[in-house]
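Engineer: Structure of the sequence below:
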Amino acid sequence: MRILHRFTTQFTRGPFTAATQTRFKKPANTAQTRLETRTRDLKLDLLAFHHRRLALVLSLHTLVSAKKRGPFISLNLLSRWAPHAGVKTLTAGEFIRKYPHVFEVFTDPVRRNQCCKCTPNFVQLINLENETLTLAEHTNVIKIKKILSMSVTGIIHLHAIRLIRRELGLPENFRDSIIKKHHDTFRMVDAETFELIEPNENEEAPVIFSAAVEKWRENEFEQKWLSEFETKYAFPINFPTGFKIVRGFKEKLKNWQRLSYVKPYEKIEKIRVRTCGGVDRYEKRAVGVIHELLCLTVEKMVEVERLVHFKKDLGLEVVNLRELLLKHPGIFYISTRGSYQFVFLREKYCRGCLVETDAVFDVRRKMLELMLLGCRNTRILKEQQDDGRCVANEETVTTRDGDFVLPILECQFGK
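Structural biologist: Predicted coordinates for the structure are as follows:
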């Protein structure tokens, strides 16, 4: 036994498998592994989670406001429709009671069942947002013109714009209120595509747009006294806290910043990928297009899956978008908190807050703050509801068949 023990200890894999060759696999370097091992930004993750919750609240509001009998709905009926609105982890009742400043639960005076409706403060903010979107018509026209100018063929599908309508700050009926209204600027090719009308010879020359990153390049060139070779094709880089820089990474980044590329609003006949540095230039153009598209949004963020619908129109068919975004952690950040992936433009955020805001963002920020109050300050909320509610609002009370009998009986028994 001792001899056998000594013989087996010399060969760790056993006496019969000692001569076999073992291959050590290299660690996989794919988009999924990069996504799992990336440096996380907890503040942007939390912000993405809050925005997702606000989207669920707004989808429930559209569900409640679509009722014909009034802007309220019973909890039993809402529990059936809530999964279609995106509420899957919680029941409808639990989700509504988490936000008493957004939803108000009351007993219907006629049917005697539990119903819910949106609070007046939240409805007021939604109406204010719709008014702000209507007033920003000129800004929305410029945004759509910029997206059409970035298109390779000059045509954009309506469903792609519709998917990021809220992120761009467009009204719900943007097809009629913007595209069809400005028929001298846009033209419908068919039911689902539209294009930009080119001006005639007698008309003024079209405005040539410049990317939003050009302002940063001018500031870097004027204020930091950098050469044009360093700033002409560069992007602002802002790595997250705790990002590890590997040997040789700075040199690669420096060469990539100097690499020339076709800018988003420059027209070319054909993009040649199989040339000297063609792949890198093609990917850098894709980075510039996504960067400009994110700059056009209100919150400077969008869902990754919705960007895929722009690949054909913007000439990004060859690129794997998620892998491209993960290659540049100093420009983009992908948040995977929850079941959705959101991409943020890092230069527009500082400590989890948006640097430059507009009127639409301010209204949405108030909606988010009202939702994040949770169950706090509910005593003041109950006092306001008790003061404003006598028995039931006339708008919410609905009549049923047979209610005309009640006054007759009251008169009869009253005599």
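Engineer: Can you get me a residue count around the nearest residue to residue 368 once chain neighbours are set aside?
Structural biologist: The shortest distance from residue 368 to any non-neighbouring residue, by CB to CB, 6 or more residues apart in numbering, is to residue 54 (5.5 Å). The way it works is simple: take the backbone N, C-alpha and C, and place the C-beta from them, glycine included. Number of residues near residue 54 (other CB atoms under 10 Å) recorded here: 18.
Engineer: What residues sit buried inside stretch 47-67?
Structural biologist: Within stretch 47-67, the residues scored as buried using 16 or more other CB atoms under 10 Å are 47-48, 51-54, 56-58, 60-61, 63-64.
Engineer: now the helices for the stretch 1-150 of the chain?
Structural biologist: Counting by DSSP state H, counting those that start in this stretch, the stretch 1-150 of the chain has helices at residues 2-10, 31-37, 42-65, 75-85, 92-97, 120-135, 137-150.
Engineer: Run through the stretch 201-350 of the chain and note the low-pLDDT ranges.
Structural biologist: 201-206, 268-277 (pLDDT under 70).
Engineer: quick one, strands of it?
Structural biologist: 301-303, 332-335, 342-345, 349-350 (DSSP state E, counting those that start in this stretch).
Engineer: looking at those strands, which is buried most?
Structural biologist: strand 342-345 (a mean of 24; mean count of other CB atoms under 10 Å).
Engineer: what lines up beside it in the sheet?
Structural biologist: Strands adjacent to strand 342-345 in the sheet, as given by DSSP bridges, are strand 301-303 (antiparallel), strand 332-335 (antiparallel).
Engineer: Out of the ones you listed, which is closest to residue 311?
Structural biologist: Residue 311 lies closest to strand 301-303 among the strands paired with strand 342-345, at 13.8 Å (CB to CB).
Engineer: So what touches the closest one?
Structural biologist: Here strand 301-303 makes contact (CB atoms under 8 Å, 6 or more residues apart in numbering) with 48, 51, 164, 167, 293-294, 340-345.
Engineer: nearest to residue 39, of those residues?
Structural biologist: Nearest member of the contacts of strand 301-303 to residue 39, counting by CB to CB, is residue 344, at 13.5 Å.
Engineer: Surely the closest one and residue 46 touch.
Structural biologist: No. Residue 344 is beyond contact range of residue 46, at 11.9 Å (criterion: CB atoms under 8 Å).
Engineer: Could you report the distance from the spatially most central residue of the chain to residue 231?
Structural biologist: Centroid-nearest residue in the chain, with CA atoms, centre = their mean: residue 302, separated by 2.9 Å. According to CB to CB, to the nearest Å, residue 302 and residue 231 sit 27 Å apart.
Engineer: mind listing what residue 300 touches?
Structural biologist: 294, 344-345, 348-349, 354.
Engineer: Kindly list the main-chain dihedrals of it?
Structural biologist: Per-residue torsions, residue 300: phi 60, psi 40 (degrees, to the nearest 10).
Engineer: how many other residues sit next to the nearest residue to residue 220 once chain neighbours are set aside?
Structural biologist: In this structure, residue 220 finds its nearest non-sequential neighbour in residue 231, 4.7 Å apart by CB to CB, 6+ apart. Residue crowding around residue 231 was assessed by other CB under 10 Å; the count is 18.
Engineer: Also residue 169?
Structural biologist: Using other CB under 10 Å: residue 169 sits among 24 other residues.
Engineer: Residues contacting stretch 239-256, please?
Structural biologist: 39-41, 237, 280, 284, 329-330, 333, 346.
Engineer: can you check stretch 149-161 too?
Structural biologist: 144, 147-148, 168, 170, 174-175, 189, 192-196, 209, 264-265, 289, 292-293, 306, 309-310, 313-315.
Engineer: Let's see the PyMOL selection covering just the buried ones among those residues.
Structural biologist: To isolate the buried members of those in PyMOL, using 16+ other CB under 10 Å:
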select buried, resi 144+147+148+168+170+174+175+193+194+196+264+265+289+292+293+306+309+310+313+314+315
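Engineer: if we can go back for a sec, any chance of the strands of the stretch 201-350 of the chain in a markdown table, plus distance to residue 214?
Structural biologist: Listed next are the strands of the stretch 201-350 of the chain as a markdown table, based on distance: least, CB to CB, whole Å:
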| stretch | distance to residue 214 |
| --- | --- |
| strand 301-303 | 21 |
| strand 332-335 | 19 |
| strand 342-345 | 15 |
| strand 349-350 | 20 |
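Engineer: So which of these is nearest residue 257?
Structural biologist: From the strands of the stretch 201-350 of the chain, taking CB to CB, the stretch that ends up closest is strand 332-335, at 15.5 Å.
Engineer: Please state the offset of the closest one from the chain centre?
Structural biologist: 11 Å (CA atoms, centre = their mean, to the nearest Å).
Engineer: for stretch 352-372, same thing?
Structural biologist: Worked out by CA atoms, centre = their mean, stretch 352-372 lies 14 Å from the chain centre.
Engineer: could I get that stretch in CSV with only the CA atoms?
Structural biologist: Written as CSV, here are the backbone C-alpha positions of stretch 352-372 (Å, rounded to 0.1, in the frame of the first residue of the first chain):
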residue,chain,number,x,y,z
GLY,A,352,-25.3,60.6,-11.5
CYS,A,353,-26.9,63.9,-12.5
LEU,A,354,-27.4,65.4,-16.0
VAL,A,355,-25.2,68.4,-16.6
GLU,A,356,-27.3,70.3,-19.2
THR,A,357,-31.1,70.2,-18.8
ASP,A,358,-34.1,71.6,-20.7
ALA,A,359,-37.8,72.3,-20.0
VAL,A,360,-38.9,68.7,-20.8
PHE,A,361,-36.3,67.2,-18.5
ASP,A,362,-37.3,69.5,-15.6
VAL,A,363,-40.9,68.3,-15.8
ARG,A,364,-39.9,64.7,-16.0
ARG,A,365,-37.5,65.2,-13.0
LYS,A,366,-40.5,66.5,-11.0
MET,A,367,-42.5,63.4,-11.9
LEU,A,368,-39.6,61.2,-10.8
GLU,A,369,-39.2,63.1,-7.5
LEU,A,370,-43.0,62.7,-6.9
MET,A,371,-42.7,59.0,-7.5
LEU,A,372,-39.5,58.7,-5.3
